[in-house]
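A.B. asks: no sequence for this one, just the structure:
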């Protein structure tokens, strides 16, 4: 092993807004005190209850991915297990997500408010 994952960093147009979106989706604390990062207008963190850390950094001229358009590739995506996919579907829409596709297997592909794809798996 060469290293240990510290956090996943997502580029976005508004770091605080996207951190709060993922907080509502995953739980946890936005901008919890942590000596590894300096948070501010252009950088926010989310420490989840299960120990995952996400960071969000503002990028001037941010260009959102357009899944599945490879001219604007997705860059990464998250798969999230949910207990009730229909309820989770409504909840993420209410948070500002956009439905991109419902797969034949029943999982659903959404975009977060900054355009990053994520999937709900029931």
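C.D. replies: Perfect, I can see it now. In this text the structure is predicted, and so the values were computed from the model without any measurement.
A.B. asks: so which strand or helix has residue 83?
C.D. replies: Using DSSP states H and E, residue 83 is not contained in any helix or strand.
A.B. asks: who's in contact with it?
C.D. replies: By C-beta atoms under 8 Å, 6 or more residues apart in numbering, residue 83 lies in contact with residue 122. In short, each C-beta sits where N, CA and C put it, glycine included.
A.B. asks: where's it relative to residue 91, distance?
C.D. replies: Taking C-beta to C-beta, to the nearest Å as the measure, residue 83 falls 12 Å from residue 91.
A.B. asks: try residue 55
C.D. replies: Counting by C-beta to C-beta - residue 55 and residue 91 are separated by 23 Å.
A.B. asks: Same drill for these two, tell me which one is more crowded.
C.D. replies: Using other C-beta atoms under 10 Å, the more surrounded residue of residue 55 and residue 91 is residue 55, with 19 against 15.
A.B. asks: buried stuff in whichever strand or helix holds the more buried one?
C.D. replies: According to DSSP H and E, residue 55 maps onto strand 53-58. Residues of strand 53-58 classed as buried under the neighbour-count rule (16 or more other C-beta atoms under 10 Å) are 53, 54, 55, 56, 58.
A.B. asks: now the fourth one: how far from residue 19?
C.D. replies: As defined by C-beta to C-beta, residue 56 lies at a distance of 5 Å from residue 19.
A.B. asks: repeat for residue 81
C.D. replies: Taken as C-beta to C-beta, the span from residue 81 to residue 19 is 21 Å.
A.B. asks: What is the least confident helix or strand in this structure?
C.D. replies: strand 78-81 (a mean of 84; mean pLDDT, DSSP states H and E).
A.B. asks: Could you report the neighbour count for the closest residue to residue 36 other than its chain neighbours?
C.D. replies: Excluding the flanking residues, the one nearest residue 36 by C-beta to C-beta, 6 or more residues apart in numbering is residue 6, at 6.9 Å. When neighbours are defined as other C-beta under 10 Å, residue 6 has 10 of them.
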